[in-house]
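Colleague: What would the 3D arrangement of this be:
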Amino acid sequence: MQSQSADLPARLLVTGPAGSGKTYGALARIREAATRPGERGRGAAPPEDALLILPTYAQVLHVKRLALSRWDARGILDEPFMTFTSAGERFLCRLIDEAFDEFGLYMVHHNRWVTSASTNVMGEMSAREMFGWLPAPLRRRVGRNLARRQSQRCPYLFSIAPQDFDAGVDSDITPPALAGFPPTHELLDQAWRRYLAAMEQQLSEHAFLLGERFTLADASAYGQLSMNLVDGRAEQLLQELAPRTHRWLHAIRDGEHRGSRGELQIASSLSALIDCICDTFIPLMQQNAAAWEPYNENGQSRFNEAAFDRGEALYDGELLGKPFRSVAKSFQVVVWQELVTNWNTLASAEQSELVDRYPALQRLAPGSPPPCLPISLL
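Modeller: A predicted model of the protein is given here:
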């Protein structure tokens, strides 16, 4: 987090691991400012040059929505942060943002607790940030518990180990296999490498994902991919596989993106990233929504992690030609419905222009979603 004032910072970059004390501290300040009475009873207006980048993990989504609903979006997103000349540009920005927020989270969490199982220190770091006042032995115990909790959450976050998986660490922090669940490590590794290759292609021609100006799309990509910069093996692989992206992440971390005012551009070099999103995020959201609907209609009231932990609301699907089993996630249904609504509000000419440039976006057209099988309704 970087701030320039004691009240609400002029530039507030909120990044870091889920559960980070610094992240929660920054979000608390945003919530306080958003709820402070202002003119005409609205939330307090941010500084005119404010740049806010909010992490969008499930536990802080409500803070993001609160802040953005209480503040006038002008001056926080549309003017100093991004100015789109077309609804098509705005849609692409949102698509990339949502893809990294949802599927990107799966990839970076997998990299942290699977790929970097023996090298990541996030349990220790989080304990130090959140409980620095504890004596060192107790803090180490807290850190170990945090690591155990996150590694055991891998299956809920789409990372299923094969049977007899050996991460080179103690069994209590080894990401588990689950009976009846196809392993997804190979799927996530393949997807991550594709996303990195796509980032390399775009950044070889442009400073940012939508041209020469930093936008919410870059903020989301940075917010997820940069998580692995402290994860040992994953950070090493990132540098080897995508050196340009690795430098880009460090540049944003160091604030070099500030003040970018170049032209926005829907470039052909972005096609590889759009293809990745259309091969991963979009079919996953479609299958999740298709699984959620019959469960919801049949009175299932529990979804997300609470349902997963009880073996409820599960469904079988396929991604990148590989099978998976997951739980219907109601918050992703909302994400998908809002994105589809956003797409459908585009004029037909705008949709056609985007599809002509990025043919994979045809997956957004009305039609049957990829097959999925709600297990409990069989």
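
Colleague: Can you list the low-confidence ranges for this structure?
Modeller: 1-85, 367-373, 376-378 (pLDDT under 70).

Colleague: Relative to V108, how far out is the residue nearest the centre of the chain?
Modeller: By CA atoms, centre = their mean, the chain has its centre lying nearest to D101, at 1.9 Å. The gap separating D101 from V108 is 11 Å, by CB to CB, to the nearest Å. No exception for glycine: its C-beta is placed from N, CA and C like everyone else's.

Colleague: give me every residue that touches the closest residue to V327 other than its chain neighbours.
Modeller: Distance criterion CB to CB, 6 or more residues apart in numbering; nearest residue to V327, sequence neighbours excluded, is F308 at 4.0 Å. Listed by CB atoms under 8 Å, 6 or more residues apart in numbering, the contact set of F308 reads 155-156, 314, 327.

Colleague: got it, and E205?
Modeller: 267, 269.

Colleague: How is it assigned, secondary-structure-wise?
Modeller: coil (DSSP: H, G, I helix; E, B strand; the rest coil).

Colleague: Quickly note the distance from it to L346.
Modeller: Counting by CB to CB - E205 and L346 are separated by 25 Å.

Colleague: Can you tell me the closest non-neighbouring residue to R261?
Modeller: Per CB to CB, 6+ apart, closest to R261 is R213, 6.4 Å.

Colleague: That neighbour: neighbouring residues, count only.
Modeller: R213: 22 surrounding residues under other CB atoms under 10 Å.

Colleague: wait, doesn't L314 sit right on V327?
Modeller: Yes - using CB atoms under 8 Å, L314 makes contact with V327 at a distance of 5.5 Å.

Colleague: Name the residues contacting each of the two.
Modeller: 307-308.

Colleague: Spatially nearest residue to N288 (excluding sequence neighbours)?
Modeller: Using CB to CB, 6+ apart, the closest residue to N288 is Q332 (5.0 Å).

Colleague: which residues sit in contact with the residue nearest to R261?
Modeller: For R213, counting by CB under 8 Å, 6+ apart, the contacting residues are 82, 207, 260-264.

Colleague: Let's have those in TSV, adding neighbour count, secondary structure and distance to R94.
Modeller: Formatted as TSV, the contacts of R213 follow (neighbours: other CB atoms under 10 Å; DSSP: H, G, I helix; E, B strand; the rest coil; distance: CB to CB, whole Å):
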residue	neighbour count	secondary structure	distance to R94
M82	19	coil	11
A207	18	coil	20
S260	14	coil	19
R261	9	coil	21
G262	12	coil	20
E263	10	coil	19
L264	22	strand	14
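
Colleague: Go through these and name the one nearest R139.
Modeller: S260 (39.3 Å; CB to CB).

Colleague: Any figure for the gap between the closest one and A117?
Modeller: 37 Å.

Colleague: State the next helix or strand along the chain beyond the strand or helix carrying S126.
Modeller: According to DSSP states H and E, S126 maps onto helix 122-130. Sequence order places helix 136-152 as the next helix or strand after helix 122-130, per DSSP H and E.

Colleague: what comes up buried for that following helix?
Modeller: 139, 142-144, 146-147, 150-151 (16 or more other CB atoms under 10 Å).

Colleague: Identify the contacts common to D101 and V108.
Modeller: With CB under 8 Å, 6+ apart as the test, D101 and V108 both reach Q224.

Colleague: just checking, F158 is part of a strand?
Modeller: No - read with three-state DSSP, F158 is coil and lies in no strand.

Colleague: tally of neighbours for it?
Modeller: F158 has 23 nearby residues by other CB under 10 Å.

Colleague: from what I can see it touches W113, true?
Modeller: No - using CB under 8 Å as the test, F158 is too far from W113 to be in contact (11.9 Å).

Colleague: quick one: the helices in the stretch 151-300 of the chain?
Modeller: 185-203, 216-225, 233-241, 243-253, 271-279, 281-297 (DSSP state H, counting those that start in this stretch).

Colleague: which one of those lies closest to D97?
Modeller: Nearest of the helices of the stretch 151-300 of the chain (CB to CB): helix 216-225, 4.2 Å.

Colleague: Show me what that closest one packs onto, helices and strands only.
Modeller: strand 51-53, helix 87-99, helix 105-110, helix 243-253 (3 or more CB pairs under 8 Å, 6 or more residues apart in numbering; DSSP states H and E).

Colleague: Pick the most buried one from the ones you listed.
Modeller: Counting by mean count of other CB atoms under 10 Å, helix 105-110 has the highest mean neighbour count of the helices and strands packed on helix 216-225, with a mean of 25.

Colleague: can you list contacts of that helix?
Modeller: 57, 150, 153-154, 157-159, 185, 188-189, 191-192, 195, 224-225, 227-228, 234.

Colleague: And for R363, the neighbour number?
Modeller: For R363, the neighbour count with other CB under 10 Å is 16.

Colleague: surely it meets I277?
Modeller: No - using CB under 8 Å, R363 is not in contact with I277; the gap is 9.5 Å.

Colleague: ok so, going back, so which of the buried residues of helix 136-152 comes closest to L178?
Modeller: L178 lies nearest to S151 out of those, by CB to CB, at 13.4 Å.

Colleague: Which residues are in contact with that closest one?
Modeller: 113, 117, 173-175.

Colleague: most surrounded residue in those residues?
Modeller: The most crowded member of these, judged by other CB under 10 Å, is W113 (27 neighbours).

Colleague: That'll do, ta.
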